[in-house]
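Visitor: Here is the input, now give the coordinates:
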Amino acid sequence: MPNFNGVWSLSTQYQYAADWPLNPEDIQSASAQSSARAVFAGGEIGGSAVNTMEFVTIATTGNVTDFGDMTVARMRLAGCSSYTRGVFGGGFSATNVMDYITIATAGNATDFGDLSATKFQLTAVSSNIRGVFAGGYDTSNNVDVMEYITIASVGNVTDFGNLSAISRRGTGHSSTTRGVIALGTPTASDSYSDTIEYITIASTGNTTDFGNLSAAKYLMGSHSSSTRGIFGGGKSSGTDYINVIEYITIASTGDVTDFGDLLAGNRNFMSTSSHTRGLFAGGNAGGATVDVIQYITIASTGNATDFGDLSAANFEGPAAVSSAHGGLF
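Guide: This is a model prediction of the structure:
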């Protein structure tokens, strides 16, 4: 490595240019993608809510490895993450707890702060700076509330704005600037919504209409690259276990386009991604709880491929976070 002290001539700058390291953002991006982890948390195993967490390296295939335990056993929770930290919020039995992990280091979760109320069946979107929790059920009613945290610090939520309607059982994903939320169900009974709306994560305010799903449904999985958002599976009127995967371009607005199919019709599962690969894990497929993890390549279209297995069959709204999802690149 040459000595870069002093004033250079133009020819010297050209001579030494090849010795400079890559742009730090490029290094971070390449490194983060190859080593990116997905952490799966909570859910229902064997009829009971669990506090377990386990992880995979997204760029490979294979079964999960134990990560540690959350502070509270729960299902029907939501998760958001930065490059380094994952935060899990809410869950059933109804709780307002948020706790966090350092994604690169296995270990137990630490208390982060509290949601504004006890709630479950909520959804979350995030950038590297901010996580937003939206909707849910607060033990007596569906809610339209959105609230946010600064992921790098600990503390309670701050009000963000409102969804266009009360909603639970929805799902969401992010680009670096925009969070996209499919509403789920507007009532406590089996009803369905095809509405997709979005927020600008760095600001506050109410949602704006984005477009529509191919059918009214809920209990889907969702993940994204920085440009493309994916919705998969779910339940709709007359179809309890949907196998359809569809996508949007996050920077624009409009309705979904067909992507391909899951390995089988599935709902109530976990979903997260790197910038290139999306995972769907566990869930209820055809009436049976499953341990299957499957993946897609987000930039292409096509059917899901087997990835590996969870440690046990798991469903009922467990959460997943990653260190390289679409909100981070």
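
Visitor: what's near enough to touch Ala41?
Guide: Shown in contact with Ala41 (Cβ atoms under 8 Å, 6 or more residues apart in numbering): Thr52, Met53, Met70, Leu77, Gly79, Gly86, Phe88, Ala109, Pro318, Ala319, Ala320, Val321. (C-beta placed from N, C-alpha, C; glycine too.)

Visitor: Could you tell me the model confidence score at the most centrally placed residue in the chain?
Guide: By Cα atoms, centre = their mean, the mean C-alpha position of the chain lies nearest to Thr272, the distance being 4.6 Å. What the model reports for Thr272 is a pLDDT of 98.

Visitor: That one reaches Val321, doesn't it?
Guide: Yes - counting by Cβ atoms under 8 Å, Val321 is a contact partner of Thr272 at 6.0 Å.

Visitor: just to revisit the earlier point, give me the beta-bridge partners of the residue lying closest to the residue nearest to the centre of the chain once chain neighbours are set aside?
Guide: Leaving out its chain neighbours, the residue that sits closest to Thr272 by Cβ to Cβ, 6 or more residues apart in numbering is Ala320, at 3.8 Å. Note on Ala320: beta-bridge partners Phe40, judged by DSSP bridges.

Visitor: tally of neighbours for Ala320?
Guide: For Ala320, the neighbour count with other Cβ atoms under 10 Å is 29.

Visitor: Adjust the sequence numbering to begin at 757 for everything that follows.
Guide: Understood, numbering begins at 757; the last thing we discussed is Ala1076.

Visitor: ok, Asn962 - how many residues close by?
Guide: 13.

Visitor: Next one: the residue nearest to Thr1028 from Thr983, what distance?
Guide: Remark: distance between Ala1076 and Thr983 (Cβ to Cβ, to the nearest Å) = 20 Å.

Visitor: Ok, Ser1079 next?
Guide: 19 Å.

Visitor: what does Thr821 give?
Guide: From Thr821 over to Thr983 (counting by Cβ to Cβ), the distance is 30 Å.

Visitor: Those two: which has the busier surroundings?
Guide: Taking other Cβ under 10 Å, Thr821 and Thr983 do not tie; Thr983 has more neighbours (17 against 12).

Visitor: Just the pLDDT at that one, thanks.
Guide: Confidence score, pLDDT, at Thr983: 97.

Visitor: isn't it right up against Tyr1003?
Guide: No - using Cβ under 8 Å, Thr983 is not in contact with Tyr1003, being 10.1 Å away.

Visitor: quick one: the helices in the protein?
Guide: With DSSP state H, the ranges of helices along the chain come out as 766-773, 780-791.

Visitor: Find me the pLDDT at Ser920, would you?
Guide: Ser920 is assigned 96 on the pLDDT scale.

Visitor: For Ala815, see how far away it is.
Guide: Applying Cβ to Cβ to Ser920 and Ala815 gives a distance of 37 Å.

Visitor: hey, what's the residue nearest to the centre of the chain bridged with?
Guide: Leu1035.

Visitor: that older thread, lowest average confidence across the helices of the chain, which one?
Guide: Comparing mean pLDDT across these, the lowest value falls on helix 766-773: a mean of 38.

Visitor: Return the distance of Ile907 relative to Met826.
Guide: For Ile907 relative to Met826 (Cβ to Cβ), the value is 17 Å.

Visitor: try Thr866
Guide: 10 Å.

Visitor: what does Phe1036 give?
Guide: Phe1036 is 21 Å from Met826, by Cβ to Cβ.

Visitor: Looking at the two, which is more packed in?
Guide: When neighbours are counted by other Cβ under 10 Å, Phe1036 comes out ahead of the other of Phe1036 and Met826, with 29 against 24.

Visitor: surely the more buried one meets Gly989?
Guide: Yes - because the distance of 6.9 Å satisfies Cβ under 8 Å, Phe1036 is recorded as touching Gly989.

Visitor: tell me, what's touching the two both at once?
Guide: The contact lists of Phe1036 and Gly989 share Gly977, Leu1018, Asn1022, Phe1025, where a contact means Cβ under 8 Å, 6+ apart.

Visitor: Scan those residues and report the most crowded one.
Guide: Result: Phe1025 is most packed of the shared contacts of Phe1036 and Gly989 (other Cβ under 10 Å), 33 neighbours.

Visitor: Can you show me the strands along the stretch 807-956 of the chain?
Guide: Applying DSSP state E, counting those that start in this stretch to the stretch 807-956 of the chain gives strands spanning 808-813, 821-825, 834-837, 841-845, 851-858, 866-875, 879-882, 886-890, 899-906, 914-923, 927-930, 934-938, 949-956.

Visitor: residues contacting the residue lying closest to Ala1060 once chain neighbours are set aside?
Guide: Using Cβ to Cβ, 6+ apart and skipping the chain neighbours, the partner closest in space to Ala1060 is Gln1050 (4.1 Å). By Cβ under 8 Å, 6+ apart, Gln1050 lies in contact with Leu1018, Leu1019, Leu1035, Phe1036, Ala1037, Ala1060, Thr1061, Asp1062, Phe1063.

Visitor: contacting residues for the nearest residue to His929 once chain neighbours are set aside?
Guide: Of all residues not flanking His929 in the chain, Ser980 sits nearest, at 3.7 Å (Cβ to Cβ, 6+ apart). Ser980 is in contact with His929, Ser930, Ser931, Val936, Ile986, Ile1006, Ser1029, Gly1034, Ile1054, His1081, Gly1082, Gly1083, counting by Cβ under 8 Å, 6+ apart.
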